[in-house]
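**Q** no sequence for this one, just the structure:
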């Protein structure tokens, strides 16, 4: 499985979004204000969302269907393409 990690050397301190080959699915790393709101909008539009954050994921996102992954390595293994957002 080929992995593309654009800007991987600068991941620390940056918002990272991973995308799968399915256009209706993506992952969000960092579920603070911006990441959580992005996840909420995606869930409302029917996207499958996977989220990772350092603390506890917002309970409303999990209740709405977001899959929380607590291990960054596992998340990166499950998603082939990676896009870094500054």
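**A** Done, it's in. Because the structure is predicted, anything quoted here is derived from the model rather than measured. Residues are numbered from 1 along each chain as shown.
**Q** Could you point out which residue ranges in the protein have low pLDDT?
**A** 1-23, 80-86 (pLDDT under 70).
**Q** What ranges does it have for its strands?
**A** 4-5, 15-19, 25-29, 48-52, 67-68, 81-85 (DSSP state E).
**Q** so what secondary structure elements neighbour the fourth one?
**A** So that's strand 48-52. strand 25-29, helix 33-44, strand 67-68, helix 72-78 (3 or more CB pairs under 8 Å, 6 or more residues apart in numbering; DSSP states H and E). Every residue, glycine included, has its C-beta placed from N, CA and C.
**Q** Same question for the fifth one.
**A** Packing contacts for strand 67-68, counted by 3+ CB pairs under 8 Å, 6+ apart, involve strand 48-52.
**Q** The strand it packs on pairs with which strands, and in what direction?
**A** Take DSSP bridges as the rule and strand 48-52 pairs in its sheet with strand 25-29 (parallel), strand 67-68 (parallel).
**Q** As CSV, those with distance to residue 36 would be great.
**A** Shown next, in CSV, are the strands paired with strand 48-52 (distance: least, CB to CB, whole Å):
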stretch, distance to residue 36
strand 25-29, 8
strand 67-68, 12
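**Q** No more questions from me, cheers.
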